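**Q** Just to be clear, the model below is a prediction. Sequence and coordinates:
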Amino acid sequence: MEFVLKARGLVKDYARTRAVDGIDIDVMKGERVGLLGPNGAGKTTTLMMMLGAISPDEGSIEICGHQLPGGRSEAMQRVGFSAGYMPLAERLRVGEFLRMYGDLYGVVDIEARIEAGLERFRIPELAEAMGTQLSSGQRTLVGIVKATLHRPRMLVLDEPTASLDPDVALRVRTGLRDLCQSEGTALLITSHNMVEIERLCERVVFLSAGKVIANGSPEAIASQFETEDLEGVFIHLAQVGAEQRERAERRAQETDHTA
Amino acid sequence: MRIRSIARRHYYVMLRSPHRLFDVTIWPLVDVVLFGSIGAFVAGSQSAESRAFGYLLGGIVLWHIIYQAQIAVSTGFLEETWSRNLLNLMVTPVKEWEYVAGTALFGLVKLILGTGLVAVTALLLFSFDVTDLGMGLIPIGAILLTVGWVIALFVIGFVLRYGSGAEALAWGILFVVMPLSGVFYPVDALPDVVRPIALVLPTTYAFDAMRTLLDGDGIDWGTIGISAASTVALTVAALLFLMRMLKVFRARGFISRYS
């Protein structure tokens, strides 16, 4: 199997907390991987490190054979990124926005790619719309089209369907599955929608407190935690995390009293 | 292609933000009328000091080279933060120098518009023709253009490190550089206490060389040489500073401010 992403021993500390604590993640060619975990588990920091926007304190990241940070530009040529929370650049029409990013990725047949991308997610009518006129669902779809214009080897999506209507979320999932199957694009996706991940991903990496605590198919992980589905796993981890935090706070208070 | 794409992105922004045209229309007009009128008054009241007329108008025309170059690159970068487009750009193959080059390339268009307007207005309203300075205008203009870009690199570095709180520097820093550079008067006119600062600024020597030209004493290559050498030193310092701030930006995960 061909590695698209190989991350080893990632560690990231912020002022008072360790956000990522020794994470290893692999993504193979054409594989659809979900990166899950409760709030504060380290998902977004991990993604940002893989995209070169945040530098790890320890560990290594290799994308399609290019090591970060030295090979960042070459690596990013092979990666597409979109996030549900990212706005489009203001004062640009959708077509201009897509053309700009197509140029940044060196896409030659840009007009045909834009047309095909907008068709894939069934939004061809938006090409002339201003970015500020779009609904959040439309923005998300345009963001994904932008991320796929250059036919990336790996598509990284952070909460792509957050705040989307179910029918638009379905359109996103259908388009993504079609993209991965037709072009062999690998997918690394974070989401709080467990059902979506079960439907879309072949493998799931579960994070908690900055560590990988489970890595396998959705069914295997559910069975590992003796729950019916990923949502059960998520709730279990969130409860365990809350209990751990409570215990840590109690210990800290006891230490204060003793002192 | 990437550099052209960045330049075109800023063109779209200016096209759809009429208030941005103030930088290249209204402010240059205000400056030239203000300083031209002061110059005309001084020249009319004291014939011995008639040189002040040329100093003021020459100063304001050439000052706009720095102003336009600096503002175009600084606000070009700030536009990415205001529209939360920074993360989108950071995860593309665009290299840092390509981004700055694209923004500066578009800045040249603004510079030609803004400085051209100032020069034409000075000619029409006050019969002051800046091209009378002759070939000496070329090295002085090149130095001032470079200094404008270099100041913008410092501003970008501060914004990367300190966030939106440092944005005011994009406009404010020029109000510090202008009086210290002796744009309108010989540096001897400055208070003793700030004169040492003026003497390390490349702009001080560039404007000094401009006054030599206005006095009809030809091109002062010695002064221009000092200005060019200190511009090179300042450029190196700015690049090192920017690289350092970018490293801090990535290490501390400051991208979260813009996503």
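**A** Sure thing, it's come through. Numbering: from 1, shown residues only, chains lettered A, B, ... in the order given.
**Q** Can you pull the residues of chain A lying near chain B?
**A** Residues of chain A lying near chain B by CB under 8 Å from any CB of the partner chain: A:12, A:14, A:19, A:45, A:48, A:51-55, A:57, A:69, A:73-74, A:76-77, A:79, A:81, A:83, A:85-87, A:89-92, A:96, A:100-101, A:103-106, A:146. Bear in mind the C-beta positions are built from the backbone N, C-alpha and C, glycine included.
**Q** For ChimeraX, write a command that selects the buried ones of those.
**A** Typed into ChimeraX, the next command selects the buried ones out of those (criterion: 16 or more other CB atoms under 10 Å in any protein chain shown):
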select /A:12,19,45,48,51,52,53,54,55,73,76,77,79,81,83,85,86,87,89,90,91,92,96,100,101,103,104,105,146
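**Q** Restricted to strands, list the residues of chain A next to chain B.
**A** Counting by DSSP state E, the part of those found in strands is A:12, A:19, A:79, A:81, A:83.
**Q** which one of those residues is nearest residue A:64?
**A** Each of those was scored against residue A:64 by CB to CB, and residue A:79 proved nearest at 8.2 Å.
**Q** which residues touch the closest one?
**A** Residues in contact with residue A:79 (CB atoms under 8 Å, 6 or more residues apart in numbering or on different chains) are A:51, A:63, A:152, A:153, A:154, A:155, A:156, B:91.
**Q** What pLDDT is listed against it?
**A** What the model reports as pLDDT for residue A:79 is 95.
**Q** repeat for residue B:60
**A** The predicted local confidence for residue B:60 is 90.
**Q** returning to what we had before: secondary structure and pLDDT for the contacts of residue A:79 - can I get that in JSON lines?
**A** Listed next are the contacts of residue A:79 as JSON lines, based on DSSP: H, G, I helix; E, B strand; the rest coil; pLDDT from 0 to 100:
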{"residue": "A:51", "secondary structure": "coil", "pLDDT": "93"}
{"residue": "A:63", "secondary structure": "strand", "pLDDT": "95"}
{"residue": "A:152", "secondary structure": "coil", "pLDDT": "94"}
{"residue": "A:153", "secondary structure": "coil", "pLDDT": "94"}
{"residue": "A:154", "secondary structure": "strand", "pLDDT": "95"}
{"residue": "A:155", "secondary structure": "strand", "pLDDT": "95"}
{"residue": "A:156", "secondary structure": "strand", "pLDDT": "95"}
{"residue": "B:91", "secondary structure": "coil", "pLDDT": "90"}
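**Q** coming back round to it: from the residues of chain A next to chain B, which land in helices?
**A** Secondary structure from DSSP state H places A:45, A:48, A:73, A:74, A:76, A:96, A:100, A:101, A:103, A:104, A:146 of the residues of chain A next to chain B in helices.
**Q** how close does the closest residue to chain A within chain B sit to residue A:239?
**A** Across chain B, no residue is closer to chain A than residue B:5, which sits at 3.5 Å (CB to the nearest CB). Distance of residue B:5 to residue A:239, computed by CB to CB, to the nearest Å: 48 Å.
**Q** coming back round to it: which residue sits closest to the residue of chain B closest to chain A, ignoring its sequence neighbours?
**A** Leaving aside its sequence neighbours, residue B:5 sits nearest to residue A:103 (CB to CB, 6 or more residues apart in numbering or on different chains; 3.5 Å).
**Q** Also residue B:242?
**A** Residue B:242 sits nearest to residue B:157 (CB to CB, 6+ apart), 4.5 Å away.
**Q** Counting neighbours, what do you get for the one you found?
**A** 23 (other CB atoms under 10 Å in any protein chain shown).
**Q** low-scoring stretches of chain A, by residue?
**A** Judged by pLDDT under 70, chain A has its weakly predicted residues at A:89, A:245, A:248, A:256-259.
**Q** Export the host helix or strand of the residue of chain B closest to chain A to CSV, keeping only CA atoms.
**A** According to DSSP states H and E, residue B:5 maps onto helix B:2-15. C-alpha atoms of helix B:2-15 as CSV (Å, rounded to 0.1, in the frame of the first residue of the first chain):
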residue,chain,number,x,y,z
ARG,B,2,1.1,32.0,-8.2
ILE,B,3,2.4,35.5,-8.0
ARG,B,4,0.1,36.7,-10.7
SER,B,5,-2.8,35.0,-8.9
ILE,B,6,-2.1,36.8,-5.6
ALA,B,7,-1.8,40.1,-7.5
ARG,B,8,-5.1,39.5,-9.3
ARG,B,9,-6.8,38.7,-6.0
HIS,B,10,-5.8,42.1,-4.6
TYR,B,11,-7.0,43.8,-7.8
TYR,B,12,-10.5,42.3,-7.3
VAL,B,13,-10.5,43.5,-3.7
MET,B,14,-9.6,47.1,-4.7
LEU,B,15,-12.1,47.0,-7.5
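**Q** Residues in contact with stretch A:149-156: which ones?
**A** Residues from elsewhere that reach stretch A:149-156 (CB under 8 Å, 6+ apart): A:4-5, A:27, A:29, A:47, A:50-51, A:63-64, A:77-82, A:98, A:101-102, A:105-107, A:110, A:113-114, A:117, A:147-148, A:176, A:179-180, A:183-189.
**Q** Show me how to select, in PyMOL, the buried members of those residues.
**A** Selection of the buried residues among the contacts of stretch A:149-156 in PyMOL, burial being defined by 16+ other CB under 10 Å:
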select buried, chain A and resi 4+5+27+47+50+51+63+64+77+78+79+80+81+82+98+101+102+105+107+110+113+114+117+147+148+176+179+180+185+186+187+188+189
